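K.L.:
Task: produce atomic coordinates for the following.
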Amino acid sequence: MLRTDLNEALKTAMKTRDQRTISTVRLILAALKDRDIAARPKGVTDGIGEEEIVEMLHKMVRQRRESIELYEKGGRLELAQQEQEEIGVIERFLPKQMTEAEMGEAIAAAIGETGASSIKDMGKIMGLLKQRFAGRMDFAKAGQLVKQKLGA
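P.N.:
Model (predicted):
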């Protein structure tokens, strides 16, 4: 599904001559091909799965956010703008992210299910959240919210 979407987006961007989208989608496809090749020795012959692709896209967004910070500190605003545009292109292929309110509800439900009562139980909660909401939840924010709810 995502592979098809990426290839279609590349074709569309080439037709409309959208250079930012073309270059960003090509970067994504190159990274995807690298991951596919790396997975072959593990017996994965038809490419990595959707979950791994989503994980790779999240990593690409994180890398660009870090780059933006550094570019802004260095006064390279044109490069920071370029990275921001790339984030916009990458995020088109990611599942819709949960709002903070939705994350709060999911965290409360996970705490109830696991019977967590202290910060020591944070691993159980985070494991459950990652299992259920991989790709849709920002786990850095979720970790902070879990700590707040457990009173740490």
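K.L.:
Report the buried residues of the lengthiest helix in the chain.
P.N.:
Using DSSP state H, we find that the single longest helix of the chain is helix 50-73. Neighbour-count burial for helix 50-73 flags 53-54, 56-58, 60-61, 64, 67-68, 71 (criterion: 16 or more other Cβ atoms under 10 Å). (C-beta placed from N, C-alpha, C; glycine too.)
K.L.:
Which other helices and strands does it contact?
P.N.:
Contacts defined by 3 or more Cβ pairs under 8 Å, 6 or more residues apart in numbering; DSSP states H and E place helix 50-73 against helix 2-16, helix 19-39, helix 77-91.
K.L.:
would TSV of these with mean pLDDT, mean neighbour count and distance to M122 be doable?
P.N.:
As requested, the helices and strands packed on helix 50-73 are exported to TSV (pLDDT from 0 to 100; neighbours: other Cβ atoms under 10 Å; distance: least, Cβ to Cβ, whole Å):
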stretch	mean pLDDT	mean neighbour count	distance to M122
helix 2-16	93	14	31
helix 19-39	94	16	30
helix 77-91	94	16	28
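K.L.:
Output those as CSV; include the columns distance to E105.
P.N.:
Conversion of these to CSV gives the following (distance: least, Cβ to Cβ, whole Å):
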stretch, distance to E105
helix 2-16, 27
helix 19-39, 32
helix 77-91, 23
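K.L.:
so which of the ones you listed comes closest to G127?
P.N.:
For G127, the closest of those is helix 19-39, at 23.8 Å, according to Cβ to Cβ.
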